[in-house]
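Asks: Sequence below, structure please.
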Amino acid sequence: MFFKRISIWMLFILIVTPCAIADSIRISQIDSANLLLNQEVKLYISVIDPQGDAIENLEKDHFLIMESANGRKYTKSAKVNRFQVGSNYETGVNFLLLIDNSESMYWTLEGKKTENSSQRRITHAKKAINAFLKSISNPNDKVGLAVYNTNYNLLSEPIEGTAHMERLLDKVERPTGNDIYSEIYGGLTLAVDEFQKLKGRKAIIILSDGVNNPGYPHSNQINPQFGQKDVPFQKPLEELQREGISLYVVNFGPKNEKKDRNLIKIAQQSGGVTFDAHDQEELQTVYLKIMDQILKEYVISYRATMDPAEKKYVQVRYINNNQQAAATRIYFSSSLFGNPARTLNGLIFFAFVLACLLLWVISRLKFERQHTQPTIEVMDSGPGSPSTKILTLDNEQTIIGSAPDSHMTIAGIPEIESHHATIIYDEKKDQYKLVGESKLMVNNQFVTTKILESGDLINLNGITVVFDEGSEKNK
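Replies: Numbering: from 1, shown residues only. So this is what the prediction gives:
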């Protein structure tokens, strides 16, 4: 009987051990921006050892790319166009740090209420994130910062440099009233929107100390930002999959504290991973490990198959000596003309030629802007009295505020500060950046800094101002 038990345990160990020591693989991000143009898809691939460290020095032959239109029958990709190592070092990474700022973040690590700020979770989180920001040395990396509770608040879109981000982090304050809850799925959905216009490697790192806890059941008020009583977790997941962005989840708090299972599922199905951190030191280590994994990713660009489908399943198989692993993700492959038909109608080619002709005619038309120089124009003065309706941005810094020395002085609104907002011109990058000491609203989103684009609507406590970069920039 004794030897029988020993034999069973030895068999169990032989079965379990290979799984425990196996390498793992993730498709961290899918970029299908060039799918319609040249049938190319770009994959960001992370290979991790059992200790959670990225595996380096792999070659193209270690990977096999497969595709499927239905998730069952896979076909080998016709051609791998490029295999890149260290690409994220060269092009930089776009990070968005999404931080839980609900009431529970102002409790101790053990989950007790406290008035000692040094013992609060948010204080530990700020210190760990500041250490992460200081570790970013690549000038091509960009970092954005946002917080969420009952509402979502973008403090800064992803920009180069981190010193300004550290100052913004210090200004994060404890929520009050109905702002104390935790709208994880709604906040995450808006965070994905911040990345739509950015190119390259994009990663959202969300810090959470609990579960999704919407404000509606407590206040009976629909959140004006999300427009739903309860945002389902499928919504941010679908947005992440559609954009090809990966989500990294950091659960922060006691080991026995409840974690949001759906958030873990979102990370897994978006190509990210979930970490647990129980104190400041562990939290700092987690942020650095995420950075290390991303920087050591492999980038494979391949020629997609032509199987008709609205979405495709792509599978990467990893083979290295006796190690084997596979990862599967989906990307949306629908084109301007829909799914390919089994028989082609001649009218399709006629319509395509006609569309190209119309596009050429439109491209020959000249549309005039209202202004040749960069300007801001007051579209709605609201309760205030601006000193001018149209202001040309011909200075390195243009100040908007209530002070008489402002370039645009606004009277009649007590909430407008003396130097409420500043528009800074960066000659090297040829772009204008809006900076505010307090929160500003641009395109219905709260920000403290934003790179301006033509058509951006800036709301200054009831006054609506539109930015126009001018026609001369496009000459």
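Asks: burial of the residue nearest to residue 92 when sequence neighbours are not counted, as a residue count?
Replies: Closest residue to residue 92 apart from its sequence neighbours, by CB to CB, 6 or more residues apart in numbering: residue 140 at 2.8 Å. Heads up, the C-betas are built off the backbone N, CA and C, glycines and all. Applying other CB atoms under 10 Å, we find 13 other residues in the vicinity of residue 140.
Asks: tell me the contacts of residue 140?
Replies: By CB atoms under 8 Å, 6 or more residues apart in numbering, the contact set of residue 140 is 90-92, 160.
Asks: Which of the residues you listed has the largest number of neighbours?
Replies: With neighbours defined as other CB under 10 Å, the most crowded of those is residue 92; it has 18 neighbours.
Asks: Pretty sure that one sits against residue 137.
Replies: No: contact between residue 92 and residue 137 fails when scored by CB atoms under 8 Å: they sit 11.3 Å apart.
Asks: In helices only, show me the contacts of residue 140.
Replies: Counting by DSSP state H, these place 90-91 in helices.
Asks: Would you convert the contacts of residue 140 into JSON lines that also reports pLDDT and distance to residue 237?
Replies: Output for these, formatted as JSON lines (pLDDT from 0 to 100; distance: CB to CB, whole Å):
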{"residue": "90", "pLDDT": "88", "distance to residue 237": "30"}
{"residue": "91", "pLDDT": "90", "distance to residue 237": "26"}
{"residue": "92", "pLDDT": "92", "distance to residue 237": "26"}
{"residue": "160", "pLDDT": "86", "distance to residue 237": "30"}
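Asks: of the contacts of residue 140, closest to residue 282?
Replies: residue 92 (27.1 Å; CB to CB).
Asks: which ones are touching the closest one?
Replies: Contacts for residue 92 (CB under 8 Å, 6+ apart) come out as 138-142, 200-201.
Asks: Of the residues you listed, which is the most crowded?
Replies: Among the contacts of residue 92, residue 201 has the most neighbours (other CB under 10 Å), with 24 neighbours.
Asks: show me the residues around that one that make contact.
Replies: The contact partners of residue 201, by CB under 8 Å, 6+ apart, come to 29, 44, 88, 91-94, 294, 297.
Asks: Can you flag which of the residues you listed belong to strands?
Replies: When the contacts of residue 201 are checked against strands (DSSP state E), the matches are 29, 44, 93-94.
Asks: Just put the residues you listed in CSV and tack on distance to residue 409, pLDDT and neighbour count.
Replies: Below are those laid out as CSV (distance: CB to CB, whole Å; pLDDT from 0 to 100; neighbours: other CB atoms under 10 Å):
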residue, distance to residue 409, pLDDT, neighbour count
29, 47, 93, 26
44, 49, 96, 26
93, 41, 94, 22
94, 37, 94, 23
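Asks: where does the residue nearest to residue 456 when sequence neighbours are not counted land on pLDDT?
Replies: What sits nearest to residue 456 in space, not counting adjacent residues and going by CB to CB, 6+ apart, is residue 467, at 4.6 Å. Note for residue 467: predicted pLDDT of 91.
Asks: Distance from the strand or helix carrying residue 467 to the middle of the chain?
Replies: In the assignment (DSSP states H and E), residue 467 maps to strand 463-468. Mean C-alpha position of strand 463-468 versus that of the full chain (CA atoms, centre = their mean, to the nearest Å) differs by 26 Å.
Asks: Run through the neighbouring helices and strands of the strand or helix carrying residue 251.
Replies: Using DSSP H and E, residue 251 falls within strand 246-252. Here strand 246-252 touches strand 24-31, helix 121-135, strand 201-208, helix 234-243, helix 261-269, strand 274-277, helix 280-295, going by 3 or more CB pairs under 8 Å, 6 or more residues apart in numbering; DSSP states H and E.
Asks: what residues does it touch?
Replies: Contacts of strand 246-252 (CB under 8 Å, 6+ apart): 26, 28-29, 44, 100, 121, 124-125, 188, 202-209, 236, 240, 259-260, 263-264, 266-267, 270-278, 283, 286-287, 290.
Asks: Just name the closest of the contacts of residue 92 to residue 442, please.
Replies: Using CB to CB, residue 142 comes nearest to residue 442 of the contacts of residue 92, at 17.8 Å.
Asks: hey, what's the closest one bridged with?
Replies: Judged by DSSP bridges, the bridge partners of residue 142 are residue 94.
Asks: Relative to residue 235, how far out is it?
Replies: Residue 142 sits 25 Å away from residue 235, taking CB to CB, to the nearest Å as the criterion.
Asks: ditto for residue 195
Replies: As judged by CB to CB, residue 195 and residue 235 stand 15 Å apart.
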